[in-house]
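K.L.:
here is my input; please provide its structure:
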Amino acid sequence: MRGTDHLGAFGTLDGEIAVGGLPLTRLAQRVGSTPFFAYDRALLSERVALLRRSLPADLGLGYAVKANPMPAVVQHLSGLVDALDVASTGEMKIALDTGIAPRRVSFAGPGKTDQELAMAVAAGVTIELESAGEAARVVQAGDASGVRPRVAVRVNPDFAVKGSGMRMGGGPQQFGVDSEAVPDLLASLAGADVEVTGFHVFAGSQNLNVDILIEAQRKTVDLVLKLATHATQPVTYVNLGGGFGIPYFEKDQPLDLAVLGDNLADLLENAIAPNLPDAHASIELGRFIVGECGVYVTRVVDRKVSRGREYAVVDGGLHHQLAASGNFGQVIRRNYPVVVGNRAEAATDGPVTVVGCLCTPLDLLGDNVELPPVEVGDLVVLFQAGAYGLTASPTAFLGHPPPVEVLV
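P.N.:
Next up is the predicted model:
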């Protein structure tokens, strides 16, 4: 699916964007208010099916809940993927509520409190250790509860991945244990009553360069094999991270999954299987699974012309879609794909600047975008809204009500 195509992954019905088989106006009536996020159930299933077709059959597929923790979305995906990765006990509860086996839930992230570690140990999820101090506290939590903790070591690699939207490995990091310190950590756990399952290496996110991703995967496997020589228990868990990007902007090109799949198949067959026969390798994706399967819908409440520039003022804004405003990782602001969803097939008529309802010039959803003539009451649709939308935005800013989320 191409997010930068006119309609992204979504088709039309009666000249309107269709989500989950419903034309947009009818969906807005069903929701009852704007703004809202809508996620397409069929597109989510198709996205996972695409990954299953393109990647090795024996490679596990995990979903990173932080990309979109809406309970209905997580419930749906829990039946399609092999594992769920969480970054808080709030997300852990959502994951466990799906009925997925606790050992198929991994809990990553720095700064886990003693209470959170105790909850994770009691739940039986896989705790991904971010530091030696955290490892010691997990051991204490296990001893106090009488439950044997299940852990893996999150590794901060000795290499960086270029071209990532966010670099989360290489150099000094708050994430993971520096690779050169992992052997000492494993030795310190050797006498503890802890199941040490293996390793998780995640170096960066939102990467659209296949060659860079392939290089990162190969370096990751090399690093895991090196660290595995220091393991005191059989390595059963190898999380190779993810970082697969999606196209947001005009010149972005989607990833060639077939090439990535061939590389992963080679690594599984010729590197991991011969050296770590008990290991189950997996990748963990969030944005790539959900990002292109959602839209943000907001209604035009005013239109104006200011010194020659046409503005469409909508009832949503950056408090719901911080990323689309350019304030979530963009160095140079660029527009997300945007259309007038209730007239999706109408011809464009010139540049319109789409702004939200907040009292700040940062509340910009579309800067001089080509749209049909915009009228009050029109439904403006922002694509690529399935990941890092509502929960990555400052929803309390200026006291506006939160938007509705629906899975259709």
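
K.L.:
mind checking which helix or strand of the protein has the lowest mean pLDDT?
P.N.:
One helix or strand of the chain scores below all others by mean pLDDT, DSSP states H and E: strand 166-167, with a mean of 50.

K.L.:
tell me which strands the very next helix or strand once past that one pairs with, and in which orientation.
P.N.:
Sequence order places strand 177-178 as the next helix or strand after strand 166-167, per DSSP states H and E. Strand pairing for strand 177-178, determined by DSSP bridges: strand 150-156 (parallel).

K.L.:
quick one: contacts of the strand it pairs with?
P.N.:
By C-beta atoms under 8 Å, 6 or more residues apart in numbering, the surrounding residues in contact with strand 150-156 are 103, 106, 108, 124-130, 135, 138, 169-170, 173, 175-179, 182, 185-186, 189, 194-202, 223-224, 227, 237, 239. C-beta: built from backbone N, CA, C; applies to glycine.

K.L.:
do stretch 194-201 as well
P.N.:
For stretch 194-201, contacts defined as C-beta under 8 Å, 6+ apart pick out 106, 108, 126, 128, 138-139, 142, 148-155, 157, 169, 176, 182, 186, 189, 220, 223-224, 227-228, 231-233, 235-241, 279, 284.

K.L.:
and stretch 116-123, by the same measure?
P.N.:
In contact with stretch 116-123 (C-beta under 8 Å, 6+ apart) are residues 88-89, 92, 96, 102, 105, 107, 112, 127, 134, 137-138, 141-142, 144-145, 147, 149.

K.L.:
so which of those residues are in helices?
P.N.:
Among these, the residues falling in helices (DSSP state H) are 89, 92, 96, 134, 137, 138, 141, 142, 144, 145.

K.L.:
buried ones from those, can you make that a ChimeraX selection?
P.N.:
A single ChimeraX command selects the buried members of the ones in helices among the contacts of stretch 116-123 (16 or more other C-beta atoms under 10 Å):
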select :89,92,96,134,137,138,141,142
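
K.L.:
and of the ones in helices among the contacts of stretch 116-123, the nearest to residue 247?
P.N.:
Distance to residue 247 across those (C-beta to C-beta) is lowest for residue 92, with 31.4 Å.

K.L.:
and the closest one, how far is that from residue 106?
P.N.:
Going from residue 92 to residue 106 by C-beta to C-beta, to the nearest Å gives 10 Å.

K.L.:
residues in contact with both of these two, list them for me.
P.N.:
Residues touching both residue 92 and residue 106 comprise 86, 125, with contact defined as C-beta under 8 Å, 6+ apart.

K.L.:
if any of the contacts of strand 150-156 are buried, put those into a ChimeraX selection.
P.N.:
The following ChimeraX line selects those of the contacts of strand 150-156 that are buried, judged by 16+ other C-beta under 10 Å:
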select :106,108,124,125,126,127,128,129,130,135,138,169,170,173,175,176,177,179,182,185,186,189,194,195,196,197,198,199,200,201,202,223,224,227,237,239
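
K.L.:
residue contacts, residue 326?
P.N.:
333, 334, 364.

K.L.:
recalculate using a threshold of 7 Å.
P.N.:
Counting by C-beta atoms under 7 Å, 6 or more residues apart in numbering, residue 326 touches 333, 364.

K.L.:
can you give me the helices for the stretch 1-150 of the chain?
P.N.:
Remark: helices assigned in the stretch 1-150 of the chain by DSSP state H, counting those that start in this stretch are 24-31, 41-54, 71-78, 89-97, 114-123, 132-145.

K.L.:
what pairs with the longest strand along the chain, parallel or antiparallel?
P.N.:
Counting by DSSP state E, the longest strand found in the chain is strand 294-306. When pairing is defined by DSSP bridges, strand 294-306 lines up against strand 36-39 (antiparallel), strand 309-314 (antiparallel), strand 379-382 (antiparallel).

K.L.:
out of the ones you listed, which comes closest to residue 211?
P.N.:
Of the strands paired with strand 294-306, nearest to residue 211 by C-beta to C-beta is strand 379-382, at 30.4 Å.

K.L.:
now that closest one: mean pLDDT?
P.N.:
Mean pLDDT, computed over strand 379-382, is 98.

K.L.:
distance from the chain centre to the helix or strand just after that strand, please.
P.N.:
For strand 379-382, the following helix or strand on the C-terminal side (DSSP H and E) is strand 404-407. The chain centroid and the centroid of strand 404-407 are separated by 17 Å under C-alpha atoms, centre = their mean, to the nearest Å.

K.L.:
in terms of residue numbering, what are the domains of this protein?
P.N.:
When the chain is parsed with automatic domain parsing, its domains come out as 12-39+292-407, 69-285.

K.L.:
distance to residue 59 added to those domains, as CSV?
P.N.:
CSV is the format used below for the domains of the chain (distance: least, C-beta to C-beta, whole Å):
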stretch, distance to residue 59
domain 12-39+292-407, 21
domain 69-285, 6
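
K.L.:
can you check which helix is longest in the protein?
P.N.:
Looking across the chain with DSSP H, the single longest helix is helix 210-228.

K.L.:
quick one: mean pLDDT over it.
P.N.:
95.

K.L.:
tell me the buried residues in that helix?
P.N.:
Within helix 210-228, the residues that qualify as buried are 210, 212-214, 216-217, 219-221, 223-225, 227-228, counting by 16+ other C-beta under 10 Å.

K.L.:
can I get the residues you listed in TSV including distance to residue 79?
P.N.:
Formatted as TSV, the buried residues of helix 210-228 follow (distance: C-beta to C-beta, whole Å):
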residue	distance to residue 79
210	29
212	32
213	27
214	30
216	29
217	27
219	33
220	28
221	29
223	33
224	29
225	33
227	33
228	32
